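1. Give me the fold of what follows.
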Amino acid sequence: MKKLKIITIKKDEKLLRTKSKDLTKEEVLSKKFQDFLDQLLYTVKHTKLKNGWEAAGLSAIQVGNPINAFVSLDLDTNEFKEYINPEIEYIHDKKEIAEEGCLSIPEVTGYVERPKKIRIKYLDRTGKKHKEKLTGWNSRIIQHEYDHLQGVLFIDKLVTK
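-> Next up, the predicted model:
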């Protein structure tokens, strides 16, 4: 399988700031989309970062496809999961600040304040609906990838620690 080309802010910031669109159930179940998801997973798993960090997620927009889909590493299982047409609800006022980086902004990190707990609703690759509560780094990774779908980059949310 071939890795997809990850778009960087230097090459196409305008596309990275595009709001992504939902998929229909028919589109989710299509061979074309299933193949795309496989390639997205392959890409995130086989992308090496110079700073010793591991890729924890990748959104469709980062490879030039403005659709509401991303993959994210579940740190409890150490497996990647697919999130399609996600909706996030922030369920707690408590926030925390942590350092983040992004495959589309190579070799740049910064501190971002994010809610500690979220509830996410999404479809899996079979079109089945899911609802989960997430905390900690799992929550942070999801929020980072979800921001991509909204055309928001982590550098837009930088804070001083």
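
2. alpha carbons only for contacts and neighbour counts from here, please
-> Will do.

3. Please report the distance of residue 61 from residue 5.
-> Distance of residue 61 to residue 5, given as Cα to Cα, to the nearest Å: 11 Å.

4. Can you tell me which residue is spatially central in the protein?
-> For the chain, the residue nearest the mean C-alpha position is residue 145 (2.3 Å; Cα atoms, centre = their mean).

5. coming back round to it: and residue 61 and residue 5? which has more neighbours close in?
-> residue 61 (25 against 11; other Cα atoms under 10 Å).

6. and that one, what does it touch?
-> By Cα atoms under 8 Å, 6 or more residues apart in numbering, the contact set of residue 61 is 15-16, 18, 20, 67, 148-149.

7. and what of residue 5?
-> Contacts for residue 5 (Cα under 8 Å, 6+ apart) come out as residue 63.

8. My reading is that it is in a helix; is that accurate?
-> No - per DSSP: H, G, I helix; E, B strand; the rest coil, residue 5 lies outside any helix segment and is coil.

9. Next, it: phi, psi?
-> Main-chain dihedrals, residue 5, degrees, to the nearest 10: phi -80, psi 120.

10. so how many other residues sit close to residue 12?
-> By other Cα under 10 Å, the residues close to residue 12 number 13.

11. ok, so what distance separates it from residue 105?
-> From residue 12 over to residue 105 (counting by Cα to Cα), the distance is 11 Å.

12. And stretch 1-20, what's buried?
-> 4, 6-9, 15-20 (16 or more other Cα atoms under 10 Å).

13. Can you add secondary structure, pLDDT and distance to residue 74 and give those back as TSV?
-> Putting the buried residues of stretch 1-20 into TSV (DSSP: H, G, I helix; E, B strand; the rest coil; pLDDT from 0 to 100; distance: Cα to Cα, whole Å) gives the following:
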residue	secondary structure	pLDDT	distance to residue 74
4	coil	97	21
6	coil	97	21
7	coil	97	23
8	coil	96	24
9	helix	96	26
15	helix	96	27
16	helix	97	24
17	coil	97	25
18	coil	96	26
19	coil	98	24
20	coil	98	23
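
14. Fine by me, we can end here.
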